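pasting the sequence and the predicted model now:
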There are 2 protein chains.
Amino acid sequence: MTEEQPERWSLDRLLALFDLEEVIPDVFKAPNPTRGPWTRVFGGQVAAQSVRAALNTVPEDRPIHSLHAYFLRPGKPGEPIFMHVERPRDGKSFTSRRVKAVQGREVIFDMISSFHRVEDGPEYNVPIALDVPSPDEAPEPEGMFGRMRSMMPFDMRELGPTEPVNGVYRSTRRAWFRTAGKLPDDPKLHSCILSFASDMGVVSAARVPVAGENEWERFMGASLDHAVWFHRPIRADEWTLFDLRTISSSGARGLAAGTMHSRDGTLGVSVAQEALIRPMAPPPPTS
Amino acid sequence: MTEEQPERWSLDRLLALFDLEEVIPDVFKAPNPTRGPWTRVFGGQVAAQSVRAALNTVPEDRPIHSLHAYFLRPGKPGEPIFMHVERPRDGKSFTSRRVKAVQGREVIFDMISSFHRVEDGPEYNVPIALDVPSPDEAPEPEGMFGRMRSMMPFDMRELGPTEPVNGVYRSTRRAWFRTAGKLPDDPKLHSCILSFASDMGVVSAARVPVAGENEWERFMGASLDHAVWFHRPIRADEWTLFDLRTISSSGARGLAAGTMHSRDGTLGVSVAQEALIRPMAPPPPTS
């Protein structure tokens, strides 16, 4: 993150990220603002724009149901990103797309994804955590999440991890979020915005069991991979609970997985991400 | 599954799956036996062989730490599978590989994966379930898992789902497994065998909350995608608990996620998979 405070993104600026231009068949140029909240391009932005590029090549009746991806290199702010779409399969019920996000000659993000015509099936879901304060009662975020909140066009409420029991956390981050303003009704736009939000705070959640908040600077953190499953349509402009749990930390990597629920408990999205949690060499002693 | 009972695979036959031949640079021909336990190639076989192909192109000091994949088409038994390896990145600490598994002109499996030089980091993991009977006390599998057991070179103990509480399952399948015989000490081989096993019983687990065991034939089931994270080296020839939980079922798809633990509780592997759970049209009335 930069030391100086960049301007907060407007919601229009967020929406403008999805104005992709097809430069040659199946290659899309994605806008990439010169000044983002971070010195690197936010991973959720690249994921969301890759989803948009893939959707541009998929029949209208097929929403995205999952994506899997690797963050291969940091994206450079201000340089356009070219989304190269491959079409591994166009099936009767499912469509698959690979998207390589390229800057210069380098792949920065490599995604495979799948789209499914709407079918009926039996319903089940893990429930929303019952002990979570509503967004009206929950505090505004502080610290790192506060800085994120102050730069991104999202309303956020931050609830932190649950108390560990015998050293084990049920949740390592719980947060409410919604866009700072109403969105159009297009469900595909909502799936793009949810993809954007699905990369917010996951590295931090993965790090909770092994690093107290004051120790975070002792670790280099980065998103390594990303998986998102879209179970049911939910709105990104209504309060959504993102409840994350750390599964494992070992070998300088940590895996966190979580769910996004609307206020009525509807399970909309599941997320899994492995993060780099690399201990930094201690600073040299001051003389 | 075929009605007639095919011969049980020997452990040697399982190991022979990993004798890949490089036919042109970065394209490997994978053996594919004419008679498997299923009329389609078992998905875990293709995943494991894809891991082996990727490992063939990765520096020796980098174990696999994750894979993400889609099962795009059913594999045909008896026809070789060609593993096309792409190299999106060779970094200082991480190596990424894509593998397309191809039969004829069709991609049947599309995988992206990552390999990491061994680093130290802080340790944390979700615990092994404490209420699970040991493999010595647990029953041999029956029904569908019994048929799987009778054909594959694995010892298995099947513990089924936990009792639901307020309609919610903590686990939707718990099983112990190990190879039916000792394996060489090569950790890469163990990661291939664990990849093979990571596709065993996940579709069934996903289906538990929405279909009783006698209703399974009312649903068409298939693995759609697959994600595996390798946290710590564990041995595939020692008892390993595979504990799965269904996260969601909706729109004819179900997501299950789980962990693999060695008997001492070491968390070795995490798995997530979405399955097709498609209600079948009822059979025509008999006259």
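The structure has been received and is ready for your questions.

need the three-state assignment for the closest residue to residue A:187 other than its chain neighbours.
Spatially, and ignoring its direct neighbours in sequence, residue A:187 is nearest to residue A:233 (5.0 Å; CB to CB, 6 or more residues apart in numbering or on different chains). (C-beta placed from N, C-alpha, C; glycine too.) The assignment at residue A:233 comes out as coil when based on DSSP: H, G, I helix; E, B strand; the rest coil.

what's the local residue count around residue A:233?
Residues lying near residue A:233 (other CB atoms under 10 Å in any protein chain shown) number 17.

and it, what does it touch?
A:63, A:187, A:190-191, A:268 (CB atoms under 8 Å, 6 or more residues apart in numbering or on different chains).

quick check: it vs residue A:186, distance?
11 Å (CB to CB, to the nearest Å).

please apply the same query to residue A:213.
38 Å.

one more: residue A:87?
23 Å.

who has more neighbours out of the two?
Taking other CB under 10 Å, residue A:87 and residue A:186 do not tie; residue A:87 has more neighbours (13 against 10).

could you find the closest non-adjacent residue to the more buried one?
Going by CB to CB, 6+ apart, residue A:87 has residue A:97 as its nearest residue, at 6.2 Å.

skip ahead from the strand or helix carrying the one you found and say which helix or strand is next.
In the assignment (DSSP states H and E), residue A:97 maps to strand A:94-103. Per DSSP H and E, strand A:94-103 leads on to strand A:106-116 as the next helix or strand towards the C-terminus.

is that next one anywhere near chain B?
Yes: judged by CB under 8 Å from any CB of the partner chain, strand A:106-116 comes into contact with chain B through A:107, A:110, A:112, A:114, A:116.

which residues sit in contact with the residue lying closest to residue A:263 once chain neighbours are set aside?
Among residues not flanking residue A:263 along the chain, residue A:239 sits closest, at 5.2 Å (CB to CB, 6+ apart). By CB under 8 Å, 6+ apart, the contact list for residue A:239 reads A:135, A:155, A:176-178, A:262-263.

against chain B, how distant is residue A:239?
20 Å (CB to the nearest CB, to the nearest Å).

follow-up on the earlier one: which of the residues of strand A:106-116 next to chain B are buried?
With neighbours counted by 16 or more other CB atoms under 10 Å in any protein chain shown, those contain buried members at A:107, A:110, A:112, A:114, A:116.

now render these as TSV, adding pLDDT.
Formatted as TSV, those follow (pLDDT from 0 to 100):
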residue	pLDDT
A:107	97
A:110	98
A:112	98
A:114	98
A:116	98
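
so where is the stretch 51-200 of chain A shaky, pLDDT-wise?
Within the stretch 51-200 of chain A, no range satisfies pLDDT under 70.

and the strands in it, which stretches?
A:64-71, A:81-90, A:94-103, A:106-116, A:124-125, A:154-158, A:173-179 (DSSP state E, counting those that start in this stretch).

helices or strands next to the third one in the packing?
Yep, that's strand A:94-103 we're talking about. helix A:43-55, strand A:81-90, strand A:106-116 (3 or more CB pairs under 8 Å, 6 or more residues apart in numbering or on different chains; DSSP states H and E).

could you dump those to a markdown table with distance to residue A:146?
Formatted as a markdown table, the helices and strands packed on strand A:94-103 follow (distance: least, CB to CB, whole Å):
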| stretch | distance to residue A:146 |
| --- | --- |
| helix A:43-55 | 18 |
| strand A:81-90 | 28 |
| strand A:106-116 | 27 |
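
for residue B:122, which of the ones you listed is the nearest?
Taking CB to CB, helix A:43-55 is the member of the helices and strands packed on strand A:94-103 nearest to residue B:122, at 22.6 Å.

is any residue of that closest one near chain B?
No: residues of helix A:43-55 are not located near chain B by CB under 8 Å from any CB, the shortest gap being 12.9 Å.

that helix: how far from the chain's middle?
10 Å (CA atoms, centre = their mean, to the nearest Å).

dump it to PDB, restricted to CA.
Only the C-alpha atoms of helix A:43-55 are listed here, as PDB (Å, rounded to 0.1, in the frame of the first residue of the first chain):
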ATOM      1  CA  GLY A  43      -6.100  -8.800  -7.400                       C
ATOM      2  CA  GLY A  44      -9.900  -8.600  -7.100                       C
ATOM      3  CA  GLN A  45      -9.900  -6.100  -9.900                       C
ATOM      4  CA  VAL A  46      -8.100  -8.400 -12.300                       C
ATOM      5  CA  ALA A  47     -10.300 -11.300 -11.300                       C
ATOM      6  CA  ALA A  48     -13.500  -9.300 -11.800                       C
ATOM      7  CA  GLN A  49     -12.300  -8.000 -15.200                       C
ATOM      8  CA  SER A  50     -11.400 -11.500 -16.200                       C
ATOM      9  CA  VAL A  51     -14.900 -12.700 -15.300                       C
ATOM     10  CA  ARG A  52     -16.300  -9.800 -17.400                       C
ATOM     11  CA  ALA A  53     -14.100 -10.800 -20.400                       C
ATOM     12  CA  ALA A  54     -15.200 -14.500 -20.200                       C
ATOM     13  CA  LEU A  55     -18.900 -13.500 -19.900                       C
END
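
what's the angle from that helix to strand A:94-103?
130 degrees (axes from the mean of the first three to the mean of the last three CA atoms, to 10 degrees).

strand A:106-116 and helix A:43-55, what's the angle between them?
60 degrees.

can you give me the helices for the stretch 101-250 of chain A?
For the stretch 101-250 of chain A, helices defined by DSSP state H, counting those that start in this stretch occupy the ranges A:143-151, A:187-197, A:202-207.

so which residues on the stretch 101-250 of chain A come close to chain B?
Of all the residues in the stretch 101-250 of chain A, those lying near chain B are A:107, A:110, A:112, A:114, A:116, A:118-127, A:166, A:168, A:209-211, A:224-225, A:227, A:229, A:231-232, A:245-250, going by CB under 8 Å from any CB.

of these, select the buried ones using a ChimeraX command.
Selection of buried members from those for ChimeraX, criterion 16+ other CB under 10 Å:
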select /A:107,110,112,114,116,121,122,124,125,126,209,210,211,224,225,227,229,231,245,246,247,248,249,250
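
OK, contacts around residue A:26?
A:57, A:84-87.

ok, now residue A:49?
A:17-18, A:20, A:30, A:81, A:83, A:101, A:192.

between the residues you listed, which is nearest chain B?
Taking CB to the nearest CB as the measure, chain B lies nearest residue A:101 of those, at 10.9 Å.

burial check on the closest residue to that closest one other than its chain neighbours, number of neighbours?
Nearest non-adjacent residue to residue A:101, counting by CB to CB, 6+ apart: residue A:109, 3.9 Å away. Residue neighbour count, defined by other CB under 10 Å, stands at 26 for residue A:109.

do the same with residue A:192
Around residue A:192 there are 24 other residues, counting by other CB under 10 Å.

follow-up on the earlier one: buried among the contacts of residue A:239? Make that a ChimeraX selection.
Buried residues among the contacts of residue A:239 (16+ other CB under 10 Å), as a ChimeraX selection:
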select /A:135,155,176,177,178,262
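
tell me which two in the contacts of residue A:239 are the farthest apart.
Longest distance between any two of those is 14.5 Å, between A:155 and A:262; criterion CB to CB.
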